[in-house]
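A.B. asks: Kindly generate the corresponding structure for this input.
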Amino acid sequence: MMLIKLGHDPSHRIPISSSTNDRVLRRIDLALLPLMLTVYFLHALDKATLSYASIFGLIEDTKLEGDQFSWLGSIVYVAQLIFQLPVAWALVKLPVGKFTSLMALGWGITLTGMAGAKRFPHLLGARFLLGSFETSIGPSFVAITQMWWRRREQTLRIGSWYCMNGLSWVLGSLITYALASIHSSLKSYQIIFLFFGLVTVLFAFIMFFRMPDSPTEAKFLSDEDKVIAIERLRDNQMGVMSREWRYSQFYETLRDPKTWLWTAMIFCASVPSNGIGIFGPLIIKSFVSDPFKTTLFNIPVGFAHMIAVTGSAYLSMKWKLKGPVLILLCIPPIIGLSILLSFGHTSENKGVLLSGFFCVCTFTGITPLIYSWSSQNTAGDTKKKSTSALIFIGSSAGNIIGPLLFTPGENPAYTRGLRANIAFFSMVILLVIVTSVYIRALNSSHSRRRVALGKNAVVRDLSLETSESVDVFDHLHTGDEGGGDDESESKAFSDATDLENEDFVYVF
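C.D. replies: Numbering: from 1, shown residues only. Okay, here's the model as predicted:
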């Protein structure tokens, strides 16, 4: 175990003042978040290059027909669906920082090579490879977030790197506008592929040398701060990095109903997410004819994405609740899709259609909250990675179907896709309600188990509190001695799952 490696007994709580906690947290944020934000930004940009390329002649030059363009959007997620479970195994067994860096290098090289693709089979093969390498990015970043931050802190951190999807719409649109303005023998979309691919390759090398594989290997922390970085996570009750694949935890993941509730939830959220992501620029193009103006219209859309993600992350942290915030996030997209269905896609209706499209854009806050909700309610190293894998499989399946609900032949209204998306957002609301009820039942079950073992029925979840609140609680309950309540900490750093650990408190 990591604390033993640093010469400390994991069964005894190490007192940490709020000032010390905040100091170490700042060091972790400054060291890791810039790397994670940059790489996820490039990941979002690399996926979005297909949308940008479609505006600047890719469809015409490569002679795409029928639903071939839709399949270029979906094939990335076919690859991700196939490779999620192998990636889960790799994240348990291999150094997470090095593994993620090598995957980023692979997708950067692949994107660079897409500049030479001339026909549909070439593009399809390149997009499949791109998806294969990009499979690791979401699960890796969820695992890194679980490894370094307390449960209270995780939602904002997941939201911050996922927010890069919105920033990619803003900066990506500006960069694409500039790249497409270059006069060259190369096509505009070829320049776009080359630029973003080569930048990704560069940052993959930087990440390889700068991203630590665990707190014990962090060069930016002293040995004392490494201990504090690990001790901060005690109240998470989520176990530690084990480097051992446990089939018992994998099978528990498959038997756990909440795994499938979150998988179904992310599937329903991902169908509209990728459909709108791929066809969004074409929907805007239906009432804004100039391709350069269409690209620039993505800028306010990107800001809407960022506001939705950061606002929902802040609310869920403030309220210490995920379910109600998820339900709130589903309402504006349903309204926006109804507006897009109700008005003709002509320049005369441009204002009302754009307002509807901006309403739809709040859907981007849903996915990171589901990531956060599931990751904060799962313990055990293998189970955490397996749960993430199944959730990302659900996401991939939804992303495969999403673009297929939109076909160029339905331009400009895309009626079938918009109606289907309303139904999927409604399903997300229903699944959130069911999941919340089930989690409440699990907390009641754990409370009864604690009583049967002679423990307190109620465990205060300090992982959701501020460092100042934890200071007050420690002072009231342990005085100046430290030590904490050992009866509720016996499994804090073990590799027990959330169902095995009766002291685990589920988050609503």
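A.B. asks: Which pLDDT value does the model give Leu194?
C.D. replies: Leu194 is assigned a pLDDT of 93 by the prediction.
A.B. asks: go on, Phe292?
C.D. replies: 65.
A.B. asks: Check the one 5 residues further on too.
C.D. replies: With respect to pLDDT, Phe297 scores 71.
A.B. asks: which strands and helices sit next to the host helix or strand of it?
C.D. replies: Element membership for Phe297, per DSSP states H and E: helix 291-319. Helix 291-319 sits against helix 18-55, helix 151-162, helix 164-180, helix 257-285, helix 323-342, helix 350-360, helix 366-375, with contacts defined as 3 or more CB pairs under 8 Å, 6 or more residues apart in numbering; DSSP states H and E. Every residue, glycine included, has its C-beta placed from N, CA and C.
A.B. asks: how about the ones you listed, which one is nearest Ser467?
C.D. replies: helix 18-55 (3.9 Å; CB to CB).
A.B. asks: burial measure for Pro206, as a count.
C.D. replies: Actually, residue 206 is Ile rather than Pro. 14 (other CB atoms under 10 Å).
A.B. asks: Tell me who's in contact with it.
C.D. replies: Leu35 (CB atoms under 8 Å, 6 or more residues apart in numbering).
A.B. asks: Use 291 as the first number for this chain going forward.
C.D. replies: Done: numbering now begins at 291, and the last item shifts to Ile496.
A.B. asks: Could I get the buried residue list for stretch 467-482?
C.D. replies: 467, 469-470, 477-482 (16 or more other CB atoms under 10 Å).
A.B. asks: correction: stretch 747-762
C.D. replies: Counting neighbours by 16+ other CB under 10 Å, stretch 747-762 gives 749-757, 760-761 as buried.
A.B. asks: now swap in stretch 617-626 and tell me
C.D. replies: For stretch 617-626, by 16+ other CB under 10 Å, it's 617, 619-620, 622-624, 626.
A.B. asks: and for it, what are the contacting residues?
C.D. replies: For stretch 617-626, contacts defined as CB under 8 Å, 6+ apart pick out 562, 598, 602, 605, 645-653, 655-656, 659, 711-712, 715-716, 718-719, 722-723.
A.B. asks: from these, which would you call buried?
C.D. replies: Counted by 16+ other CB under 10 Å, those give 562, 598, 602, 605, 646-653, 655-656, 659, 711-712, 715, 718-719, 722 as buried.
A.B. asks: distance between the ends of stretch 378-396?
C.D. replies: Start-to-end span of stretch 378-396 (CA to CA, to the nearest Å) is 18 Å.
A.B. asks: Tell me the confidence at Leu572?
C.D. replies: Looking at Leu572, the pLDDT reads 61.
A.B. asks: residue ranges for the helices of the stretch 341-490 of the chain, please.
C.D. replies: In the stretch 341-490 of the chain, the helices defined using DSSP state H, counting those that start in this stretch lie at 348-351, 358-383, 386-403, 410-424, 427-438, 441-452, 454-470, 478-500.
A.B. asks: what's the burial count for the closest residue to Met555 other than its chain neighbours?
C.D. replies: Distances taken as CB to CB, 6 or more residues apart in numbering place Leu721 nearest to Met555, at 4.4 Å, with adjacent residues excluded. By other CB under 10 Å, the residues close to Leu721 number 22.
A.B. asks: next one: Thr506
C.D. replies: For Thr506, the count of nearby residues is 18 (other CB under 10 Å).
A.B. asks: show me what contacts it?
C.D. replies: Here Thr506 is in contact with 292, 295-296, 516, 520 (criterion: CB under 8 Å, 6+ apart).
A.B. asks: ok, back up a step: if I look at the residue nearest to Met555, how far off is Ile318?
C.D. replies: 33 Å (CB to CB, to the nearest Å).
A.B. asks: which ones are touching the residue nearest to Val460 when sequence neighbours are not counted?
C.D. replies: Leaving aside its sequence neighbours, Val460 sits nearest to Gly592 (CB to CB, 6+ apart; 3.6 Å). For Gly592, the contact set (CB under 8 Å, 6+ apart) comprises 456-463.
A.B. asks: ok, and the most crowded of those?
C.D. replies: So for the contacts of Gly592 (other CB under 10 Å), the most neighbours sit at Trp459, 30 neighbours.
A.B. asks: What is the nearest of the contacts of Gly592 to Leu392?
C.D. replies: Checking those one by one against Leu392 (CB to CB), the nearest turns out to be Ser458, at 22.2 Å.
A.B. asks: If I look at the nearest residue to the closest one once chain neighbours are set aside, what pLDDT would I see?
C.D. replies: With sequence-adjacent residues excluded and distances taken as CB to CB, 6+ apart, Ser458 is closest to Ala334, at 3.8 Å. Confidence at Ala334, expressed as pLDDT, is 86.
A.B. asks: OK, contacts around Ala334?
C.D. replies: Ala334 sits in contact with 454-455, 457-458, 462, where contact means CB under 8 Å, 6+ apart.
A.B. asks: Flag whichever of these scores worst on pLDDT.
C.D. replies: Gly462 (80).
A.B. asks: and the contacts of Thr506 as CSV, adding secondary structure?
C.D. replies: As requested, the contacts of Thr506 are exported to CSV (DSSP: H, G, I helix; E, B strand; the rest coil):
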residue, secondary structure
Met292, helix
Lys295, helix
Leu296, coil
Lys516, helix
Ile520, helix
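A.B. asks: State the distance from the residue nearest to Ser458 to Ile691.
C.D. replies: The value you get for Ala334 to Ile691, if CB to CB is used, is 20 Å.
A.B. asks: about what we covered before: can you tell me which of the helices and strands packed on helix 581-609 is most buried?
C.D. replies: helix 656-665 (a mean of 26; mean count of other CB atoms under 10 Å).
A.B. asks: quick revisit: and of the helices and strands packed on helix 581-609, who's closest to Gly684?
C.D. replies: Checked against CB to CB, the stretch from the helices and strands packed on helix 581-609 lying closest is helix 547-575, at 3.7 Å.
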